[in-house]
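**Student:** Turn this into a structure:
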Amino acid sequence: MVAELKYEISQNAYIKLVLHALKHKTAAVNGILLGRVKPQNESVVEIIDSVPLFHSNLALLPPLEIALIMIEEHYGSEGLGIVGYFHANERFDDTELGIVAKNIGDHICRYFPQAAVFLLDNKRLEALPKGKDQSPVMQLYIRDASKNWKLAGPDGGSRLVIKEPAANVVLSDYISSEKWQDVVDFDDHLDDIKMDWLNPELFK
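**Tutor:** Below is the predicted model of the structure:
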């Protein structure tokens, strides 16, 4: 396995996950990262899209298994696979990667060993409107040789990048216009199948 893998996330995939977390501020939420190893550079995992999963009962296995099967079927036809997991903790000041996130990350690693887990950094998100920071409002976790999830070290910021440098500016605009209200996740879809978890209209 390449020691210094980098993870490059597209603007839309990134913004969709953050908006999902903002829609359910008082709950833990999670999501799935879709992508592939970059064909022209095998040391980069490119994350092309994301799917918001749940905002309640994150640890329940049956809905998760249904969601993963549907996600794999849809994106597999586009040549993309599940390459990682996104998690936002319930409490604003909780910066720990919990057992549910680790377990789902472990499950994804069985099929994609280079998988990463992104944890929402609430403090960075809160500071977003005030600053000019181009770095993601997420922390990167990767599995070490002992298969334990570790926060990427001092170079973690350079190992997780957004493909489009102005993504945080766009995100700030969406936050101020309350765009997060439009995000649909799997919980919403399971309650009402007319609600589309692919969010085709979100960025139109």
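**Student:** Tell me how many other residues surround S146.
**Tutor:** Neighbourhood size, S146 [other Cβ atoms under 10 Å]: 6. C-beta coordinates here come from the backbone N, C-alpha and C atoms, glycine included.
**Student:** List the contacts of stretch 33-42.
**Tutor:** 2, 8-9, 13, 44-51, 71, 75, 79-86, 114, 116, 118 (Cβ atoms under 8 Å, 6 or more residues apart in numbering).
**Student:** Quick check: E46 touching E8?
**Tutor:** Yes: if you go by Cβ atoms under 8 Å, E46 and E8 touch, sitting 5.0 Å apart.
**Student:** Please indicate which of the contacts of stretch 33-42 are buried?
**Tutor:** 8-9, 13, 44-51, 71, 75, 80-86, 114, 116, 118 (16 or more other Cβ atoms under 10 Å).
**Student:** Sticking with the spatially most central residue of the chain, tell me its helix or strand.
**Tutor:** Nearest to the geometric centre of the chain sits F86, at 3.4 Å (Cα atoms, centre = their mean). Following DSSP states H and E, the helix or strand that holds F86 is strand 81-88.
**Student:** What pairs with that strand, parallel or antiparallel?
**Tutor:** strand 29-37 (antiparallel), strand 116-120 (parallel) (DSSP bridges).
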